[in-house]
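Novice: sharing a model that was predicted from the sequence below.
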Amino acid sequence: MITDDLELTKIFLDNEYIIGLPTETVYGLAGNIHSEKAIKSIFELKKRPLFNPLIVHVKNKNAISTVAQNIPDIAYQLAEAFWPGPMTLILPKKSGVNELITAGKPTVAVRVPNHEKALQLLEILEYPLAAPSANPFGSISPTSAEHVHQYFGKSLPLILEGGQCTKGIESTIIGFEKDQPIVYRLGTLSLDEIESFLGVKLKQSTHSAESPEAPGMLSKHYSPRTPLMLTDSLEATIEKWPNKKIGVLTFGPQTFALHCHSHLILSENENLEEAASRLYAALHQLDGLDLDLIIAEKFPEYELGQTINDRLMRASK
Ligand code: AMP
Ligand code: MG
C-alpha cells in the first residue's frame, strides 16, 4: 500500500514493521532503531550483507546525542550548516545502539533528512529510524514511491508517499579522523559546498572496495540490469554497436543525430542539480525498455558532475 497517512505509518513502525520512507535523496527502507526484528527485516528484504551498516535518521541535530557520543565540535558546525539536508555524519556510537545497525563498527551514521513528510513522521515517533536506500542490494536506488513498490511489491506492506525525491542521489557521507572531516562517499551535497563552508579542502577516505568503510564505495553498485557503458566519445561508442538496441543518456541536448533506440536528456539547460535529481529515474526508465545496452555520456568532473560520474562508473561495472 502507498499512503500519505502518517498515523497509520506510525502504527506500522510501532508494531516493528518496516516501511518505505521518502527523503530528499532517495527512498529508504525504515524501521525503529530499537526493534531488532525491524532491523533484521531491512537486511533480509534488501538482501543486504550484514557488514553494510545503515543510516540513522533523526528529527533534529539535538537528537544525535541519543545515538552518538564524543561528538566533535566540527560535526555540530556541519550539522548546523547543512541539516536538514543530504549529508550523513559518521560519529562514535553510544553503547546501546544495535550492532546490526552499525555492522559491529564503533561508529554510527546519522542524518536529518530534508523532507517535510519524513520530518513530520520523525516528530510523532518516539524513536529514530534506521534506513538504507529502498532497493535490493546493488541495484538502482528508488526516487519515487512507485519505484519502491516495483522492487518489493507486497513484501513491503506500507510505503509513505512523499512524491519524487528532489535531490535524487544518496547523501554525502562525512567521517572524522582526529576531528578532521573526511569524505567517505560522494553524494548530493557537493564537496565544493562543504569545502567553502570549512575553508579547507576535504580529504577522501582511502578505504578500498575490498574493505569498504562505506559500502557506497563497493565498486559494483547502483546498477541497472541492462549493461551500461560510460564514455566521453558518445558518437564513436554508439557506432561500435550498429546492431544493438541502444539507449543513450546525456547531460544536455546533442548537436548531432544519435543513432539509437531511445535518448534521454537529463537537463535541457545542462544544470547539474537537475541532472542529478533525474539520474536514477532515467536509469529505471531505460532499464524498462528491454535494451541491449545503455550508453551514458561522461559528466564534467566538478560539483555534482563528480557524484554523477561516480554513480555511472559503478553502474557500468
Ligand atoms: P544507503 O542508505 O543504502 O546509501 O546505505 C547507507 C550508507 O551509509 C552505506 O554506504 C553505509 O556503508 C554507510 N554507513 C552507515 N554506517 C556507517 C559507518 N558507521 N561507517 C561508515 N559508513 C557507514
Ligand atoms: Mg544504498
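Specialist: Thanks, I have it. Ligands and ions are numbered 1, 2, ... in the order given.

Novice: only C-alpha atoms from now on, for both contacts and neighbour counts.
Specialist: Fine.

Novice: residue of the stretch 1-150 of the chain with the smallest distance to ligand 1?
Specialist: residue 132 (3.2 Å; CA to the nearest ligand atom).

Novice: and the helix or strand of the chain with the lowest mean pLDDT with ligand 1, contact?
Specialist: Least confident helix or strand of the chain, by mean pLDDT, DSSP states H and E, is strand 203-204 with a mean of 87. No - contact of strand 203-204 with ligand 1 (CA under 6 Å from any ligand atom) is absent, the minimum separation being 12.8 Å.

Novice: direction included, what does that strand pair against?
Specialist: strand 180-185 (parallel) (DSSP bridges).

Novice: any residue of the strand it pairs with touching ligand 1?
Specialist: No - contact of strand 180-185 with ligand 1 is not found when judged by CA under 6 Å from any ligand atom; the minimum separation is 7.0 Å.

Novice: quick check: buried residues in that strand?
Specialist: 181, 182, 183, 184, 185 (16 or more other CA atoms under 10 Å).

Novice: what residues of the helix or strand just after it count as buried?
Specialist: Using DSSP states H and E, the helix or strand that follows strand 180-185 towards the C-terminus is helix 191-198. Buried residues in helix 191-198, defined by neighbour count with 16+ other CA under 10 Å: 191, 192, 194.

Novice: these two touch, right, the first one and residue 302?
Specialist: No - using CA atoms under 8 Å, residue 191 is not in contact with residue 302; the gap is 9.2 Å.

Novice: any part of stretch 28-36 near ligand 1?
Specialist: No - contact of stretch 28-36 with ligand 1 (CA under 6 Å from any ligand atom) is absent, the minimum separation being 6.8 Å.

Novice: for the closest residue to residue 128 other than its chain neighbours, give me its contacts.
Specialist: Distance criterion CA to CA, 6 or more residues apart in numbering; nearest residue to residue 128, sequence neighbours excluded, is residue 58 at 5.1 Å. Contact analysis of residue 58 by CA atoms under 8 Å, 6 or more residues apart in numbering lists 64, 110, 111, 112, 113, 122, 128, 129.

Novice: still on that earlier bit, what does the helix or strand just after the least confident helix or strand of the chain rub up against?
Specialist: Using DSSP H and E, the helix or strand that follows strand 203-204 in sequence is strand 228-231. The set of residues external to strand 228-231 that reach it, using CA under 8 Å, 6+ apart, is 237, 293, 294, 295, 296, 297, 298, 312, 313, 315, 316, 317.

Novice: direction included, what does strand 228-231 pair up with?
Specialist: As assigned by DSSP bridges, strand 228-231 forms pairs with strand 293-297 (parallel).

Novice: moving C-terminal from the partner strand, which element do we reach first?
Specialist: helix 304-315.

Novice: between that next one and strand 293-297, what angle do the directions make?
Specialist: 160 degrees (axes from the mean of the first three to the mean of the last three CA atoms, to 10 degrees).

Novice: for helix 304-315, packing partners?
Specialist: Counting contacts by 3 or more CA pairs under 8 Å, 6 or more residues apart in numbering; DSSP states H and E, helix 304-315 packs against strand 228-231, helix 272-287.

Novice: so which of those is the most packed in?
Specialist: Among those, helix 272-287 has the highest mean neighbour count (mean count of other CA atoms under 10 Å), at a mean of 22.

Novice: what mean pLDDT does that one get?
Specialist: Averaging pLDDT along helix 272-287 yields 96.

Novice: any idea how far residue 159 is from residue 56?
Specialist: To residue 159, residue 56 is 18 Å away according to CA to CA, to the nearest Å.

Novice: would you confirm that residue 202 contacts residue 195?
Specialist: Yes - with contact defined as CA under 8 Å, residue 202 counts as touching residue 195 (6.4 Å).

Novice: keep only those of the contacts of residue 58 that are in helices.
Specialist: residue 122 (DSSP state H).

Novice: what's the closest of the contacts of residue 58 to residue 274?
Specialist: residue 113 (19.0 Å; CA to CA).

Novice: give me the phi and psi for the closest one.
Specialist: phi -70, psi 150 (degrees, to the nearest 10).

Novice: can you check residue 8 too?
Specialist: With angles defined as degrees, to the nearest 10, residue 8 sits at phi -70, psi -40.

Novice: where does it land on pLDDT?
Specialist: 98.

Novice: can you report how many residues neighbour it?
Specialist: 13 (other CA atoms under 10 Å).

Novice: now do residue 22
Specialist: Neighbours of residue 22 using other CA under 10 Å come to 32.

Novice: likewise residue 236?
Specialist: 10.
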